[in-house]
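> only geometry, no sequence info:
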């Protein structure tokens, strides 16, 4: 059983940066491996993957939507994951969630069993 808590959201101007954090409680050493994803959901839109990381191997995946403007990382000693977001635009406004699952990275939300409560990111023009 895992618990995830996001922080770091807020209001930022176009072109600005934010660093989101995800604190993970529970065991992350599943024999099947663990994947940690950052998703976002804007009003009226489906939840979409932004970036994901394979916890044990630190292999990463970036969706096209924010590729080149985000960096996902993790600190396994602290059980923390991060999403550094740069050159933000109004289209990035959404609630951002971290999510985890046992097994490999998946590109869609449904295989992820554990979710945080989300953190709001608002980018003003």
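Good, I have the coordinates. The shown structure was predicted, so the numbers you read here are calculated from the model rather than taken from an experiment.
> Find the centremost residue of the chain, please.
For the chain, the residue lying nearest the average C-alpha position, counting by C-alpha atoms, centre = their mean, turns out to be residue 38 (1.8 Å).
> quick one: it and residue 100 touch, right?
No. Here residue 38 lies out of contact with residue 100, judged by C-beta atoms under 8 Å, at a distance of 10.7 Å. No exception for glycine: its C-beta is placed from N, CA and C like everyone else's.
> Show me the strands in the chain, by range?
Listed from the start of the chain, the chain has strands (DSSP state E) covering 3-7, 10-13, 18-25, 34-41, 48-54, 60-62, 70-75, 80-85, 94-102, 114-115, 119-124.
> For these, give me JSON lines that also has mean pLDDT and distance to residue 108.
As requested, the strands of the chain are exported to JSON lines (pLDDT from 0 to 100; distance: least, C-beta to C-beta, whole Å):
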{"stretch": "strand 3-7", "mean pLDDT": "97", "distance to residue 108": "18"}
{"stretch": "strand 10-13", "mean pLDDT": "98", "distance to residue 108": "27"}
{"stretch": "strand 18-25", "mean pLDDT": "97", "distance to residue 108": "19"}
{"stretch": "strand 34-41", "mean pLDDT": "97", "distance to residue 108": "9"}
{"stretch": "strand 48-54", "mean pLDDT": "97", "distance to residue 108": "7"}
{"stretch": "strand 60-62", "mean pLDDT": "96", "distance to residue 108": "12"}
{"stretch": "strand 70-75", "mean pLDDT": "96", "distance to residue 108": "17"}
{"stretch": "strand 80-85", "mean pLDDT": "98", "distance to residue 108": "18"}
{"stretch": "strand 94-102", "mean pLDDT": "97", "distance to residue 108": "11"}
{"stretch": "strand 114-115", "mean pLDDT": "98", "distance to residue 108": "14"}
{"stretch": "strand 119-124", "mean pLDDT": "98", "distance to residue 108": "21"}
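> Near residue 61, how many residues? Count them for me, please.
18 (other C-beta atoms under 10 Å).
> give the contact list for it.
Residue 61 makes contact with 49, 51, 52, 53, 105, 107 under the criterion C-beta atoms under 8 Å, 6 or more residues apart in numbering.
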